[in-house]
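A.B. asks: Please find the sequence and the predicted model below.
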Amino acid sequence: MDRAFHEALALGIERLRLPVDATALALLERYADRLLAWNRKVNLTAITDAAQVAEKHLVDSLALLPALGGARTLLDVGSGAGIPGVPLACARRDLAVTCCDSVTKKIAFVKAVAVELGVDVRGVVARAEGKPEDERLPRAEAVVSRALADPERWVPLGAAYVAEGGLLLAMLGRDADEAALTALGAAHGLAFAGLDRFELPLSRSARAIARWRKQ
Ligand SMILES: C[S@@+](CC[C@H](N)C(=O)[O-])C[C@H]1O[C@@H](n2cnc3c(N)ncnc32)[C@H](O)[C@@H]1O
């Protein structure tokens, strides 16, 4: 990967004060390299510029690290090429990650890259419809999705996969509204646990991460 990739990754990690060690940096670089290599044959991402991959895929995923707390299992619903699940597994090597997507070729990439990197990521081809047992999907201590659905659809769907006492996470943009998110969670048995706003340093894109706890 080129210098712009390394600078974008380092800047994001520094600005957001993310706990990413040297081993994780090496794994993240290999993940980005494999993503772009596969992307020449299989359509996995519209982003092909290395610095943008660093910021919009890697840093955006790693921004979830503080929100995960002590969770030991993570389910990423609609992971596509493994985003955010695989970057999180690179940084938190004690975390058991399941990536699920309804598209077989995307999960084929997730499985291949997990073996190549030696990270704890399981890929499952499934269409998540809120019935974890029928879908061979786990109930996890943290459940997340990126770019899958708006909060009104994601909260009821994602809540079905959260273990008792676990966290549901939503990756949102500028419009995130704390009062609406609190009410939405309450309607589905979730206690609102916080909204963290930040900005991606290069693109200056506004982001927010919402957290709810299953009671
Ligand atoms: C816009 S892509 C986002 C992919 C990835 N999370 C990212 O941020 O790059 C949405 C993905 O969700 C998958 N998807 C949509 N609905 C799904 C469902 N109900 N269960 C599993 N995967 C789903 C699609 O196949 C697609 O790969």
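C.D. replies: Noted; the coordinates are in hand. Residues are numbered from 1 along each chain as shown.
A.B. asks: State the phi and psi torsions of the spatially most central residue of the chain.
C.D. replies: Most central in the chain under CA atoms, centre = their mean is residue 84, positioned 2.3 Å from the mean C-alpha point. Backbone torsions for residue 84, taken as degrees, to the nearest 10, come to phi -90, psi 0.
A.B. asks: so what's it up against?
C.D. replies: By CB atoms under 8 Å, 6 or more residues apart in numbering, the contact set of residue 84 is 60-62, 64, 76, 144, 146, 171. C-betas here are computed from N, CA, C, even on glycine.
A.B. asks: For the ligand, see how far away it is.
C.D. replies: Using CB to the nearest ligand atom, to the nearest Å, one obtains 7 Å as the distance from residue 84 to the ligand.
A.B. asks: before we move on, what about residue 30?
C.D. replies: 18 Å.
A.B. asks: mind listing what the closest residue in space to the residue nearest to the centre of the chain that isn't next to it in sequence touches?
C.D. replies: Spatially, and ignoring its direct neighbours in sequence, residue 84 is nearest to residue 61 (3.3 Å; CB to CB, 6 or more residues apart in numbering). Under the criterion of CB under 8 Å, 6+ apart, the neighbours of residue 61 are 83-88, 146.
A.B. asks: If we use 7 Å, what do you get?
C.D. replies: Taking CB atoms under 7 Å, 6 or more residues apart in numbering as the contact definition, residue 61 lies against 83-84, 87-88.
A.B. asks: a strand runs through it, doesn't it?
C.D. replies: No. Read with DSSP: H, G, I helix; E, B strand; the rest coil, residue 61 is helix and lies in no strand.
A.B. asks: what's the next secondary structure element after the longest helix along the chain?
C.D. replies: For the chain, the helix that runs over the most residues, judged by DSSP state H, is helix 22-39. Later in the chain than helix 22-39, the nearest helix or strand by DSSP states H and E is helix 50-52.
A.B. asks: Can you mark which positions in that following helix are buried?
C.D. replies: With burial defined by 16 or more other CB atoms under 10 Å, the residues of helix 50-52 counted as buried are 50-52.
A.B. asks: Can you tell me which of the residues you listed is nearest the ligand?
C.D. replies: Nearest to the ligand among the buried residues of helix 50-52: residue 52, at 12.4 Å, using CB to the nearest ligand atom.
A.B. asks: From the ligand, how far out is residue 110?
C.D. replies: As defined by CB to the nearest ligand atom, residue 110 lies at a distance of 10 Å from the ligand.
A.B. asks: Could you tell me which residues of the protein lie near the ligand?
C.D. replies: Taking CB under 6 Å from any ligand atom as the criterion, the chain approaches the ligand at residues 77-80, 83, 100-103, 106, 127-128, 146-148.
A.B. asks: So which of those belong to strands?
C.D. replies: Restricting the residues of the chain next to the ligand to those inside strands, with DSSP state E as the criterion, leaves 77, 100-101.
A.B. asks: Let me know the average pLDDT across the helix or strand hosting residue 10.
C.D. replies: Under the criterion DSSP H and E, the helix or strand holding residue 10 is helix 3-15. Averaged over helix 3-15, pLDDT sits at 97.
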